[in-house]
Every structure is written in C-alpha cells, then in structure tokens.
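**Q** Sequence and predicted structure are below.
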Amino acid sequence: MVGDNFDACPTDGSANEQSCPPGEASYFTAMSGVLDALPALAMAYACQISTPTLWNEMYQPTRGRMLLLYLYALGGAMTLYLLVGG
C-alpha cells in the first residue's frame with residue numbers, strides 16, 4: 001500500500017530507535033500542562049481572528065503599523081500577566 005511508505009515508525013524493524021522509541025506513545029502526561037497552556041492558546045486565537053477587523057479599522061494600514069499594534073497589544077497583555085500572576 002502507498003501509505004505504508006510514509007509511516008514514521010514502520011513495524012518491519014527498520015525504524016530508527018532515536019526517532020521511534022519502543023513502547024506506547026502518550027499524548028498527555030498530565031492535565032495540568034494542558035491547562036497551563038490554555039491562556040496562551042486563547043490569546044493567540046483571539047489575536048489571529050481579529051486581524052482582518054483591525055486591518056479594516058486602521059487609518060492607512062501598513063504592515064509596520066500592524067506589527068506595532070500587535071507589539072503594543074501583546075506587551076500590554078504580558079504586563080497584565082506579570083502584574084497579576086507575578
């Protein structure tokens with residue numbers, strides 16, 4: 001089958017031990033790690049989804065102004081996180 005050629009860890013014994021360690025893979029070792037990453041993922045999604053709206057609302061939008069806007073927004077969010085979470 002064609003899809004067998006693209007298997008990262010083939011079962012025929014030709015797998016590299018460094019990239020395919022033996023044993024079963026575990027996707028989540030602890031739920032606390034997922035919950036710790038949730039604020040960062042939510043912030044990234046909020047920034048991405050609002051980009052077209054921000055671009056349309058800007059006066060003479062340029063890439064430089066958009067970058068500056070994001071730097072100010074993320075800097076402000078980081079400052080709030082540091083003040084609250086310390």
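**A** Thanks, I have it. This is a predicted model, so every value here is computed, not measured. Numbering: from 1, shown residues only.

**Q** Could you pick out the longest helix of this protein?
**A** helix 63-85 (DSSP state H).

**Q** Tell me which residue is most central in the chain.
**A** Closest to where the C-alpha atoms of the chain average out (C-alpha atoms, centre = their mean) is L41, at 6.2 Å.

**Q** Name the residues of the strand or helix carrying it that are buried.
**A** Taking DSSP states H and E as the criterion, L41 maps to helix 31-49. Buried residues in helix 31-49, counted by 16 or more other C-beta atoms under 10 Å: none are found. All C-beta atoms are positioned from the backbone trio N, CA, C, and that covers glycine.

**Q** which residues touch the helix or strand just after it?
**A** Downstream of helix 31-49, the first helix or strand assigned by DSSP H and E is helix 51-57. Applying C-beta atoms under 8 Å, 6 or more residues apart in numbering, the external contacts of helix 51-57 come out as 61, 66, 69.

**Q** Okay, S32 and R65: tell me how far apart.
**A** Computed as C-beta to C-beta, to the nearest Å, the S32 to R65 distance reads 39 Å.
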